[in-house]
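Enquirer: Quick one: sequence and predicted model below, then my questions.
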Amino acid sequence: MVKQRIESLDLLRGLVMIVMALDHVRDYFSADAFLYSPTDLTKTSVALFFTRWVTHFCAPVFVFLAGISACLYGAKKGQKALSFFLLTRGCWLIFVEVFGINLLRTFNLSFPFINLQVIWAIGVSMIVLSGLIRLERTVLLAIGVILVAGHNMLAHVYVPVLENTGAYIFGPFKVVVKYPALPWIGIMIVGYCTGRYYLSDFATRKPMLIMMGFSAISIFIVLRGINWYGDPSHWSTQSSELYTILSYLNVTKYPPSLLYTLMTLGPALLFLALSEKPLNKWEERITVFGRTAMFFYLAHILLIHIVAVIAAVISGHTASDMILTGAVNDQPELKGYGFSLIVVYLVWIGLLVILYPICRRYDRYKRANQASKWWLSYL
């Protein structure tokens, strides 16, 4: 039984929320984002590549931690309560992704562009997990590992929504699946099974997390080095040693390959093992974002888009140019819009400064009222 909240989980979740915000600011403010992918080694710079690469850690860590949190919730409330919570929260998250987050991203009430991303993936994974938690833990873990390690075998098999990314047209609506369900379900299941270590003491938990972390990193290094399996995009020798390293690190996120998952979750597991200690003042601030993750997610998208409208007007565009009909960097009306990477980082820092006191206030309200207001568990 977990007697108190484990702050290392909130710390890691807070860190990935902060880094995630950088990626979303880059989408709306970087001039280069309107021209080419930051991982296109024929065009990108080292700074831009790593600005994108570091954000690769966000989605898998967030989904993995959601699995751990589900396990801890079940330990407190029981399996039946956990199953109901996962089912209802999963449905809620899908609804929020489709009608809430897409509106915040586009400011377009006609919903011509519905982008299914990480919140959708978490929602679907929770719904599936709500039924699978009745299985024996070893069977459940085997399913999770098979989905994470084996879904790349479907690379040449078209499985809409489950395995492949893609766009689907339904009348006036364009639905883009950036996060196909299968691999993310696997990551959440593995996180759920890892959660059992948080039901024991730290002395038992720490060596297991370290072993899992180093194992994931070692498997990544070996598989990536031999270019045999685990990622559809092989690395290759580039014009310089530095860009060869970038090629080695340039693994596939859509859908998340085995190597992408190993590369991101390995260091995350080591971080969890080494960060479970008294927090300093800066770490305490970061945990505020971790405890208010969903609230932060919604608030930061809204604020980024509002500031982007202002930036577009200052740049000579009209405010209506930021009412989007697709991805922001595909809007023909925004041709010529965008700023340097330095501006991107300044906007990102400003965003965090503005959101911190808002999230801190919500965190205090949530912790004071969660026992009496059930809906706070869904936001």
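Expert: Perfect, thanks for sending it. Numbers count the residues shown, from 1 in each chain.
Enquirer: drop to CA atoms for contacts and neighbour counts, all remaining ones
Expert: Will do.
Enquirer: roughly how far apart are F111 and F95?
Expert: 13 Å (Cα to Cα, to the nearest Å).
Enquirer: who has more neighbours, these two?
Expert: Between F111 and F95, counted using other Cα atoms under 10 Å, F111 has the larger neighbour count: 20 against 15.
Enquirer: Confirm that one sits in a helix?
Expert: No. Counting by DSSP: H, G, I helix; E, B strand; the rest coil, F111 is not part of a helix but coil.
Enquirer: count of neighbours near L355?
Expert: 15.
Enquirer: Now it: which helix or strand?
Expert: Secondary structure assignment for L355, by DSSP states H and E: helix 341-369.
Enquirer: got it, and V176?
Expert: strand 173-177.
Enquirer: circling back to that earlier point, buried residues of the helix holding L355, list them for me.
Expert: 341, 344-345, 347-348, 351-352, 356, 359-360, 362-363, 366 (16 or more other Cα atoms under 10 Å).
Enquirer: Going by distance to L223, which of those wins?
Expert: L341 (32.9 Å; Cα to Cα).
Enquirer: Tell me the confidence at the nearest residue to the closest one once chain neighbours are set aside?
Expert: Nearest non-adjacent residue to L341, counting by Cα to Cα, 6 or more residues apart in numbering: S30, 6.2 Å away. At S30, the model reports a pLDDT of 96.
Enquirer: Any idea how many residues pack against S30?
Expert: When counting by other Cα under 10 Å, one arrives at 23 neighbours for S30.
Enquirer: any idea how far it lies from N329?
Expert: From S30 over to N329 the distance is 9 Å, taken as Cα to Cα.
Enquirer: Likewise for I146?
Expert: 35 Å.
Enquirer: Assign the residue most central in space within the chain to helix, strand or coil.
Expert: When Cα atoms, centre = their mean is applied to the chain, the residue found nearest the centroid is A59 (1.9 Å). Per three-state DSSP, the secondary structure class of A59 is helix.
Enquirer: Spatially, which residue comes closest to it, not counting chain neighbours?
Expert: Spatial nearest neighbour of A59, chain neighbours left out: V118 (6.5 Å); criterion: Cα to Cα, 6+ apart.
Enquirer: Name the SS class of G326, please.
Expert: Following three-state DSSP, G326 is assigned to coil.
Enquirer: can you pull the pLDDT of the residue sitting furthest away from the middle of the chain?
Expert: For the chain, the largest distance from the centre (Cα atoms, centre = their mean) belongs to G316, which lies 33.2 Å off. Looking at G316, its pLDDT stands at 94.
Enquirer: doesn't it fall inside a strand?
Expert: No. Using three-state DSSP, the assignment for G316 is coil, not a strand.
Enquirer: got the phi/psi numbers for it?
Expert: phi 100, psi 0 (degrees, to the nearest 10).
Enquirer: again, but for I169
Expert: When read as degrees, to the nearest 10, the backbone of I169 gives phi -100, psi 120.
Enquirer: and it, what does it touch?
Expert: Counting by Cα atoms under 8 Å, 6 or more residues apart in numbering, I169 makes contact with V175.
Enquirer: and the gap between H317 and V307?
Expert: From H317 to V307 the distance is 13 Å (Cα to Cα).
Enquirer: before we move on, what about E97?
Expert: As judged by Cα to Cα, E97 and V307 stand 21 Å apart.
Enquirer: tell me the helices in this protein, going along the chain?
Expert: Assigned helices in the chain, in chain order: 7-29, 46-53, 58-77, 79-95, 102-106, 118-132, 137-150, 181-194, 202-226, 241-249, 258-274, 281-291, 293-314, 341-369 (criterion: DSSP state H).
Enquirer: Could you export those helices to JSON lines, including columns for distance to L379?
Expert: Output for these, formatted as JSON lines (distance: least, Cα to Cα, whole Å):
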{"stretch": "helix 7-29", "distance to L379": "15"}
{"stretch": "helix 46-53", "distance to L379": "27"}
{"stretch": "helix 58-77", "distance to L379": "13"}
{"stretch": "helix 79-95", "distance to L379": "9"}
{"stretch": "helix 102-106", "distance to L379": "16"}
{"stretch": "helix 118-132", "distance to L379": "12"}
{"stretch": "helix 137-150", "distance to L379": "26"}
{"stretch": "helix 181-194", "distance to L379": "19"}
{"stretch": "helix 202-226", "distance to L379": "29"}
{"stretch": "helix 241-249", "distance to L379": "34"}
{"stretch": "helix 258-274", "distance to L379": "24"}
{"stretch": "helix 281-291", "distance to L379": "10"}
{"stretch": "helix 293-314", "distance to L379": "6"}
{"stretch": "helix 341-369", "distance to L379": "9"}
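Enquirer: between those helices, which gets nearest to D321?
Expert: D321 lies closest, by Cα to Cα, to one member of the helices of the chain: helix 293-314, at 7.7 Å.
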